[in-house]
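Enquirer: Would you be able to build a 3D model of this:
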Amino acid sequence: MARVKVLFADDQIPSENLRDKEIKAALKDEHPEWSDKFINAFPIMRRAVQTLRDANYDVTVVRTYKDALELVKTTHFDIAVVDLGWFADKGLSETKRRYAGWDISAAIEEADKQLKAKPTLQIIYSRRFAEDATISMRAAEGKKLPVYKVYGDPGHQALRAAVKFIESHLNPTDDRVNDLWQMIRVYWEEPLKQQRQWFKLTIAFVALSLVLLLGGVVGAVSGNVQVGTLTSISSIITGAISTLLYSQLKSMQLDVDKTREVMQQEFRKAFEQLHTPERE
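Expert: Coordinates of the predicted model:
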């Protein structure tokens, strides 16, 4: 089974080229204006990514706003974790950084439409939910799960749990499809069983007819059985087989018609349920 593809769009995830022990020093040299608290979050966020990978998710990381917008145009993901604020991305203006995550989220939705792909389920990831309740409300109204960004293992596990929860909604119709399959087996099992039994019975009658016919031919050749008697016996056997075949085929056709009618009704109900607004 293919692994769930997760996009992790966050500007606080360090470059893969940096080893863990090099991250803080490298960022301090490159961005002396950044606070130690801000820089300390980078190695922690690397562990957040690893937590998802350890849970067997296929995680793709994007660290800049520009890269995120470009990637989602060509690559479809099952789940997207989108950081709301992009304060480490110097390619953005000061005013743009604070809510850049909304643009990435919108770009994902637009790309899904362009690619005619299944909608990517999204998580809006932010520490600002506590200071501004309207952010989480906006996420929820947009059918995105708001997850509070916590630096540390409890936060990583909470994010993992959120991704797992969303994963369970990727294929909400699986149980119904399985139910339909079981229904097919139940409805068709008896007609098929009868068909197999009748097929065996027909073979037995044909074999008996051939045995009698062969015996008659031998008797006729030896003079023990008259040709008229042979013809009569063969006609009786052939007529009996034809009558039984017609009767059984008629009965089976009625069963098939009844089964088809029931199946059409059940499938109509099932597909109406599969396309209810709650599941879209």
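
Enquirer: show me where the stretch 51-200 of the chain has helices.
Expert: For the stretch 51-200 of the chain, the helices defined by DSSP state H, counting those that start in this stretch occupy 65-74, 94-97, 100-115, 133-141, 153-167, 174-222.

Enquirer: which other residues reach the fourth one?
Expert: Read that as helix 133-141. Counting contacts by C-beta atoms under 8 Å, 6 or more residues apart in numbering, the residues outside helix 133-141 that touch it are Leu84, Trp102, Ile124, Ser126, Arg128, Phe129, Leu145, Pro146. For every residue, glycine as well, the C-beta is placed using N, CA and C.

Enquirer: among the residues you listed, which two are most distant?
Expert: Across the contacts of helix 133-141, the longest distance by C-beta to C-beta is 15.6 Å; it joins Arg128 and Leu145.

Enquirer: can you list the residues that contact stretch 33-44?
Expert: With contacts defined as C-beta under 8 Å, 6+ apart, stretch 33-44 is touched by 12-14, 20, 23-24, 27-28, 31, 87-88, 151-152.

Enquirer: Make a PyMOL selection of whichever of these turn out to be buried.
Expert: With 16 or more other C-beta atoms under 10 Å as the burial test, the buried ones among the contacts of stretch 33-44 are selected in PyMOL as follows:
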select buried, resi 12+13+14+23+24+27+88+151
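
Enquirer: my read: Thr64 touches Asp89, true?
Expert: Yes - using C-beta atoms under 8 Å, Thr64 is in contact with Asp89, at 5.5 Å.

Enquirer: Find residues that contact each of the two.
Expert: Asp11.

Enquirer: Flag the shaky bits of this protein, pLDDT-wise.
Expert: 1, 171-280 (pLDDT under 70).

Enquirer: go again using 90 as the cut-off
Expert: Scanning the chain for pLDDT under 90 picks out the ranges 1-3, 16, 90, 94, 115-118, 129-133, 140, 167-280.

Enquirer: In space, what's closest to Gln12 - neighbours in sequence excluded?
Expert: Met45 (4.7 Å; C-beta to C-beta, 6 or more residues apart in numbering).

Enquirer: how much space between that neighbour and Ala133?
Expert: Per C-beta to C-beta, to the nearest Å, Met45 is found 24 Å from Ala133.

Enquirer: Tell me which of those two has more neighbours.
Expert: More neighbours surround Met45 than the other of Met45 and Ala133, with 23 against 9 (other C-beta atoms under 10 Å).

Enquirer: and this protein, what are its domains?
Expert: 5-167, 174-279 (automatic domain parsing).

Enquirer: Was I right to think Asp83 contacts Met45?
Expert: No - Asp83 is not in contact with Met45 according to C-beta under 8 Å; the separation is 9.0 Å.

Enquirer: Overlap of the contact sets of the two?
Expert: Each of Asp10, Gln12 lies in contact with both Asp83 and Met45 under the rule C-beta under 8 Å, 6+ apart.

Enquirer: Nothing else from me, thank you.
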